[in-house]
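*Asks:* With the sequence up front, the predicted model follows.
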Amino acid sequence: MAETTPPNGRVVGFPLSRIDGPLKVSGKARYAAEHRPAGLLHGFVTIATIGVGRITGIDTTEAEAVPGVVKIYTHENRPRTAWWDSSWKDEVALPGHPFRPLENDRVLYDGQPVAFVVAETFEAARDAASMIRVSYAPEASHTDLTQERQNAYVPKQKRSGIAPPPPPRGDADAAFEAARFKIDAQYIHEGEYHNPMELFGSTVIYEGDGRLTIHDKTQGSQNSQNYVCGVFELDPQNVRVFNSYVGGAFGSGLRPKHQLFLSTMAALDLKRSVQLEISRREMFYLTWRPATVQRVRMGADENGRLVAVLHDAVQATSLYEDYQEVVVNWSGLAYKCDNVKLTYELAAMNVSTPGDMRAPGAATGVFALESAIDELSYEVGIDPLEMRVRNFVHVDQNEGKQFTSKALHACYREAAERFGWSQRLHAPRSMHDGQDLVGWGMATGIWEAQVTQAAARARLDIDGSATISAAASDIGTGTYTILGQIAADCFGLPADRVTVRIGDSSLPKTSVEGGSWTAASSGSAAQAAATAVRATLLAHAKEMDNSPLAKATVEQTAIRDGRLVLDVNDQVGVSIDDIMASKNITFVEEEGQVGPDQSKMKVFSSYTHSGIFVEARVDEELGVVRVTRVVIAVAAGRILNPKTARSQVLGGVVMGIGMALHEEGLADRRSGRIMNHNLAEYHVPVNADIHDIDVIFIEEHDDKASPIGVKGLGEIGIVGVAAAVTNALYHATGNRVRHLPITIDKLFYAKEAAE
């Protein structure tokens, strides 16, 4: 295939189409709830219809009479499970008490599972679930963050991997009061809900003797395996979890969900295979980007240089876990300022525990930061881009470290030129096209570049094929493809000669797929494993008579055209066939591991950066908003595959537009019930909402961020987009809206308030 043979012979850096693409578009890729073992039972959940209170009675008589019903589980007959919270905590668990489905009569949030029906058919389970009669003693519901923030608190126990705000530096309060120019504004972001195409589902296949094979919608097969083994006290050797294909997740699949618990519980109890796929409505009760209220105070001198930054945030969490994000820290990191004070608090409400949703914390905090600095640029009277350039920072002031790389200046320059920013008129409401007000806004994006512990196994066969294996997940990001590309280059093979095995808990250990660390972590592990194979081949070659590689080191070698050769001279080497024949073997297989480089982490901070430029148009009479043009330039180190990378950034931009203009969970504050728990009324961007998106990748060499020089791309596409949109709308209309999503009524209200 022409596409697998790039002109320079290097597969990494080539826009290879996804190797799993043909299976997905032909329907041959089977997702978690598409497995049909013999004798499969089906489940359906009955959910609470109050926001908080107690169950006073459950009548299952009518439901049990439905033909095909096998068993109905409630808190009154749920089988025994592990007692200690530690047994229920998954790899990315939060401080607090993990949710235990059907544990007792207490209702903590609207949509909580209160009964689980298992039947011979899906239809029987669904119909029976609708016949269960639950009575409640409801209590007053608390779901309004603007009210509950008065009871906000600093979480005592910090979430692992989530940095709390750094200590204050300088005297931010005094510097703010003395500032020549200043803004003091509140920014509100309503809750957003994950809506990937694939619903959450689990197929638990009972193999006998307590052995289970599970197909789960998850971002980490080993995380689901460990969870099941902990909760049900099973031997990990008897539980194997697959997540071969994942139809989107955006962070919603980081933690095990109740469909995994319920289907596993029933399978063990009934000693039969059980499948549970939840409904679209239930997706709204699994995880969500929490509502947040932020206050930003920012001061600048007469030259537009920041003299004070104060950023406070209060974020929603559940009553039983302290969900935490890095929200305010970006304000001490993104721009140079010697007087900074940042605070972060939580407000417990009658809601399900929030969860990570694409660029958690950054998408929220950078919205407020980038909106505030835009506002301040108008106070000072300078161009918004110039404001950011004047406050460019070359070190991480939060931690006093150097950056591994920072090509943000190039992002600004190339994106601004492509966008035509120099033609922008500064004054709001100064650009028109017919009856449309035209606004140009911009923002900076930033996301941390991480490497986590990861292992991979590489195998090179005598027939010239290779296999790379790891428990990593592909949620649509292109993990299959980039791992194949890395292995292909390491072994000097075309991509179609490499088999990639992922999404299986029995494979070498990796972290859950999230945080934009998979490419850097699993990709580096794949390279390490391939290098280990080469080292073994070299050791074998050195034992051959008159070996031309007798004095070579592994760093001096490469595999090309089926031969182990000196990297600087292809003529010196030995064929792989001869090396294996000398040992009477047909393959070489080795594992490689990587993890954070602690010595570098003490000195360096690593982040991905972007510059986002947006054109928005507003119908002056109707107030209808269209985002007609986006140019985003991203500096993310080495780009493994421009095609999959571009897709990641495009998807992030679309979600950023959704965050700015569309997505909002609406709760009835009296009952705590989510009212728009469907895709008819919970608005997400559709084709008609998305116009031109131009993605630019900035060349950025970084030999410290990860062993293979890459930084993550999954998150950076969304960070800053919402702010760029709101800034463009201000430029178009002169009306500053600080409450997301920006709907027509808010635009008109802002206009009336201004007048």
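*Replies:* It's in.
*Asks:* Find the nearest non-adjacent residue to Ala471, please.
*Replies:* Distances taken as Cβ to Cβ, 6 or more residues apart in numbering place Leu507 nearest to Ala471, at 4.3 Å, with adjacent residues excluded. Placement of C-beta: from N, CA and C, glycine included.
*Asks:* Confirm for me that that neighbour is in contact with Arg457.
*Replies:* Yes: here Leu507 lies in contact with Arg457, judged by Cβ atoms under 8 Å, at a distance of 7.1 Å.
*Asks:* who touches both of those two?
*Replies:* Counting by Cβ atoms under 8 Å, 6 or more residues apart in numbering, the common neighbours of Leu507 and Arg457 are 469-470.
*Asks:* residues near the residue nearest to Ala471, how many?
*Replies:* Neighbours of Leu507 under the rule other Cβ atoms under 10 Å: 18.
*Asks:* mind checking which helix or strand it is in?
*Replies:* Using DSSP states H and E, Leu507 sits within no helix or strand.
*Asks:* Distance of it relative to Glu700?
*Replies:* Applying Cβ to Cβ, to the nearest Å, the value for Leu507 to Glu700 is 31 Å.
*Asks:* Equivalent analysis for Ala359, please.
*Replies:* 19 Å.
*Asks:* Tell me who's in contact with Ala300.
*Replies:* 179-182, 306-307, 376, 379-380.
*Asks:* Make JSON lines out of these and add neighbour count.
*Replies:* Putting the contacts of Ala300 into JSON lines (neighbours: other Cβ atoms under 10 Å) gives the following:
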{"residue": "Ala179", "neighbour count": "21"}
{"residue": "Arg180", "neighbour count": "13"}
{"residue": "Phe181", "neighbour count": "17"}
{"residue": "Lys182", "neighbour count": "17"}
{"residue": "Leu306", "neighbour count": "23"}
{"residue": "Val307", "neighbour count": "21"}
{"residue": "Leu376", "neighbour count": "25"}
{"residue": "Glu379", "neighbour count": "17"}
{"residue": "Val380", "neighbour count": "18"}
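*Asks:* Just put the residues you listed in JSON lines and tack on distance to Arg169.
*Replies:* Below are those laid out as JSON lines (distance: Cβ to Cβ, whole Å):
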{"residue": "Ala179", "distance to Arg169": "16"}
{"residue": "Arg180", "distance to Arg169": "21"}
{"residue": "Phe181", "distance to Arg169": "21"}
{"residue": "Lys182", "distance to Arg169": "18"}
{"residue": "Leu306", "distance to Arg169": "12"}
{"residue": "Val307", "distance to Arg169": "12"}
{"residue": "Leu376", "distance to Arg169": "19"}
{"residue": "Glu379", "distance to Arg169": "23"}
{"residue": "Val380", "distance to Arg169": "22"}
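*Asks:* counting contacts, what elements does the longest helix along the chain pack onto?
*Replies:* The single longest helix within the chain, with elements called by DSSP state H, is helix 518-542. With contacts taken as 3 or more Cβ pairs under 8 Å, 6 or more residues apart in numbering; DSSP states H and E, helix 518-542 sits against strand 454-461, strand 466-469, helix 479-491, strand 557-560, strand 563-566, helix 576-582, strand 587-594.
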